[in-house]
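> Pasting the sequence and the predicted model now:
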Amino acid sequence: MDVKPGPRRLARQRQESRCKPLRVRGLCVALVLSSLAVDGRSEIYKYKDHKGVTVFTDTPRGTSFVKVDLKPKGWIDPTLSASPLVLRQRMVQYKPFIEKAALDYSLPESLLEAVITVESASNPLAVSSAGAMGLMQLMPGTAERFGVRDSFSPHENITGGSKYLSHLMTLFDGDLNLVLAAYNAGEGAVKKYGNTVPPYTETQNYVRKVRHYHRIFSQ
């Protein structure tokens, strides 16, 4: 005879289901972290179990859990090995996609060119240490959020990145410093620090670099 669990037991089961840790290896890590961040959980922790598998959870149990920094997305300046002229030449093949995205989402072409340059130096196959991908270095959660199925497709990547920039422009009232900071570190990081550029070295350098190339490509 089947016995239905009582209300308290059902509530406990739901709570345990929500808080169940995720065990992942290697390439899955970026996808898992991204999905947790998109769900709105502000703090994620990790530890390695007895089999050497990394476990991620938003409900740490014990001192062996280490807080994970979900903010900057592993940006390392890719423009240092090329001159502005070379970087501008690399952009030519993507010009039709940039022009369309700029028109569709009311963004300056020079801004899209600057973001592409600083994010990937126009390499459509670029992948950051945190798992950001493609020309505009979309994190997996961001790509999914803005309808990008293939982040290595120049057309899809530029479209998705432009949608995200347009969203951030609305969210931060066109303040370019905050828009770029959020593109790198996440909307939550900007809000956490009172709508200012977060005190992350990566993010501060990123904002300066994009604004630099934005000026260059505007000329």
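Done, it's in. Numbers count the residues shown, from 1 in each chain.

> drop to CA atoms for contacts and neighbour counts, all remaining ones
Fine.

> Quick check on the closest residue to residue 120 other than its chain neighbours: phi, psi?
What sits nearest to residue 120 in space, not counting adjacent residues and going by Cα to Cα, 6 or more residues apart in numbering, is residue 135, at 5.4 Å. When read as degrees, to the nearest 10, the backbone of residue 135 gives phi -60, psi -40.

> Does residue 135 touch residue 119 like I think?
Yes - here residue 135 reaches residue 119: they are 6.8 Å apart, a contact under Cα atoms under 8 Å.

> So what touches the one helix or strand residue 211 maps to?
For residue 211, the host element (DSSP states H and E) is helix 201-218. The contact list for helix 201-218 (Cα atoms under 8 Å, 6 or more residues apart in numbering) reads 72, 75-77, 110-111, 113-115, 117-118, 177, 180-181, 184-185, 197-198.

> what about the residue nearest the centre of the chain, distance to residue 118?
With distances taken as Cα atoms, centre = their mean, residue 139 lies nearest the centre of the chain, 3.9 Å away. Residue 139 sits 15 Å away from residue 118, going by Cα to Cα, to the nearest Å.

> do the same with residue 208
Counting by Cα to Cα, the gap from residue 208 to residue 118 is 10 Å.

> how is the chain carved up into domains?
When the chain is parsed with automatic domain parsing, its domains come out as 7-68, 84-218.

> Okay, now the last one: how far is its last residue from its first?
Same thing as domain 84-218. For domain 84-218, the first-to-last residue distance is 13 Å (Cα to Cα).

> tell me the mean pLDDT over it?
For domain 84-218, the mean pLDDT works out to 95.

> Return the distance of it from the chain's centre.
Remark: domain 84-218 is offset 10 Å from the chain centroid, using Cα atoms, centre = their mean, to the nearest Å.

> which residue sits closest to residue 158, ignoring its sequence neighbours?
Leaving aside its sequence neighbours, residue 158 sits nearest to residue 136 (Cα to Cα, 6+ apart; 6.4 Å).

> Could you list which residues are in contact with the one you found?
Contacts of residue 136 by Cα under 8 Å, 6+ apart are 115, 116, 119, 120, 157, 158, 161.

> Neighbours of the second one, how many?
Taking other Cα atoms under 10 Å as the neighbour definition, residue 116 ends up with a count of 27.

> Can you name the helix or strand that it falls in?
helix 109-120.

> Now do that helix and helix 201-218, the angle between them.
140 degrees (axes from the mean of the first three to the mean of the last three Cα atoms, to 10 degrees).

> Just the CA trace of stretch 133-144, in PDB.
C-alpha atoms of stretch 133-144 as PDB (Å, rounded to 0.1, in the frame of the first residue of the first chain):
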ATOM      1  CA  MET A 133      33.200  32.300 -26.500                       C
ATOM      2  CA  GLY A 134      33.400  33.800 -29.900                       C
ATOM      3  CA  LEU A 135      33.900  37.300 -31.300                       C
ATOM      4  CA  MET A 136      32.100  39.100 -28.500                       C
ATOM      5  CA  GLN A 137      33.000  36.500 -25.800                       C
ATOM      6  CA  LEU A 138      29.500  35.400 -24.700                       C
ATOM      7  CA  MET A 139      29.300  33.300 -21.600                       C
ATOM      8  CA  PRO A 140      27.100  30.200 -22.100                       C
ATOM      9  CA  GLY A 141      24.300  31.600 -19.900                       C
ATOM     10  CA  THR A 142      24.300  35.000 -21.800                       C
ATOM     11  CA  ALA A 143      24.300  33.200 -25.200                       C
ATOM     12  CA  GLU A 144      21.200  31.200 -24.100                       C
END
